[in-house]
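Visitor: Here is a sequence together with a model predicted from it:
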Amino acid sequence: MKNFVVKTIANAGALAVAVWALSGITLSGADKGKEIVTLLVVALLFGLVNFLVKPIVKVLTFPLFILTLGLITLVVNALMLLLTSWLADVVDLSFHVDGFWTAIGGGLIVSVVSWALNVVLPDGD
């Protein structure tokens, strides 16, 4: 359970950095408290998408991983971020990613920041 909480906090921090760094990724709320709650729910959605959908996509695109020497990971991460944006819209959360190229940049930022936070934050194992 502790590992789940740590990963969710890392995802929330990484998404916050992406929102801050890129004007095409927006998160809004009535006040800071609502923004933080929205960010945590979006981080949970993002974690769920990465847990359920990303492994299937990686298996289906395995030849492309070999062919592109792993650079297709940028596209897969962007698609996971776009799917999270779509799901956030479905459940009426104020998180939106404007287009594929913004999602590429956001996916790169989220990957790097999430990795760094997972290194720094304590592990539950």
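Guide: In hand now; what should we look at?

Visitor: Report all helices and strands that the worst-scoring helix or strand of the chain on mean pLDDT contacts.
Guide: Taking mean pLDDT, DSSP states H and E as the measure, helix 2-21 is the helix or strand of the chain with the lowest mean score, a mean of 89. Helix 2-21 makes packing contacts with strand 25-27, helix 32-52, helix 100-120 when contacts are defined by 3 or more CB pairs under 8 Å, 6 or more residues apart in numbering; DSSP states H and E. Heads up, the C-betas are built off the backbone N, CA and C, glycines and all.

Visitor: can you do 10 Å?
Guide: strand 25-27, helix 32-52, helix 72-90, strand 95-97, helix 100-120 (3 or more CB pairs under 10 Å, 6 or more residues apart in numbering; DSSP states H and E).

Visitor: how near is residue 22 to residue 16?
Guide: 12 Å (CB to CB, to the nearest Å).

Visitor: Please tell me how far stretch 26-35 is from the chain's geometric centre.
Guide: 18 Å (CA atoms, centre = their mean, to the nearest Å).

Visitor: my bad, should have said stretch 61-81
Guide: Using CA atoms, centre = their mean, the offset of stretch 61-81 from its chain centre is 15 Å.

Visitor: can you list the weak-confidence ranges in this protein?
Guide: 1, 123-125 (pLDDT under 70).

Visitor: contacting residues for the residue lying farthest from the centre of the chain?
Guide: Centroid-distance maximum for the chain: residue 67 at 24.7 Å, with CA atoms, centre = their mean. Contacts for residue 67 (CB atoms under 10 Å, 6 or more residues apart in numbering) come out as residue 61.
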